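*Asks:* just the structure for this:
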Amino acid sequence: MTMTKVIFSGQKQPTSAQLEKVHNQSHQQCFIANSVKTEMVIEIVL
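*Replies:* Take a look at the predicted model:
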């Protein structure tokens with residue numbers, strides 16, 4: 001299963017700081033990001 005898009009709906013939306021925190025945590029715990037030797041560039045698109 002591949003997750004390519006996350007859409008937040010409703011009244012409570014995450015702040016930019018919260019998105020950045022989740023992004024960094026995901027990257028630190030990612031098996032692929034921690035296994036490959038090439039540069040990986042990942043960015044948040046708002």
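
*Asks:* distance of residue 38 from residue 32?
*Replies:* Counting by C-beta to C-beta, to the nearest Å, the gap from residue 38 to residue 32 is 11 Å. Any C-beta I mention is one placed from the backbone N, CA and C, and that applies to glycine too.

*Asks:* likewise for residue 17?
*Replies:* 25 Å.

*Asks:* quick one: low-confidence ranges for the chain?
*Replies:* 1 (pLDDT under 70).

*Asks:* kindly recompute the last result at 80.
*Replies:* By pLDDT under 80, the weakly predicted segments of the chain are 1-4, 33, 39-46.

*Asks:* which SS class is the residue lying farthest from the centre of it?
*Replies:* The centre of the chain is farthest from one residue, residue 11, which by C-alpha atoms, centre = their mean lies 21.3 Å away. Assigned by DSSP: H, G, I helix; E, B strand; the rest coil, the conformation of residue 11 is coil.

*Asks:* and residue 20, by the same measure?
*Replies:* With three-state DSSP as the criterion, residue 20 reads helix.

*Asks:* so which of residue 38 and residue 32 has more stuff around it?
*Replies:* Higher neighbour count among residue 38 and residue 32: residue 32, with 8 against 4, using other C-beta atoms under 10 Å.

*Asks:* returning to what we had before: quick one, phi/psi of the residue farthest from the centre of the chain?
*Replies:* phi -70, psi -40 (degrees, to the nearest 10).

*Asks:* that one and residue 21, how far apart?
*Replies:* Counting by C-beta to C-beta, the gap from residue 11 to residue 21 is 20 Å.

*Asks:* and the helices in this protein?
*Replies:* Assigned by DSSP state H, the chain shows helices spanning 16-29.

*Asks:* nearest residue to the middle of it?
*Replies:* Short answer for the chain (C-alpha atoms, centre = their mean): residue 23, at 3.3 Å.

*Asks:* thanks again, I'm all set now.
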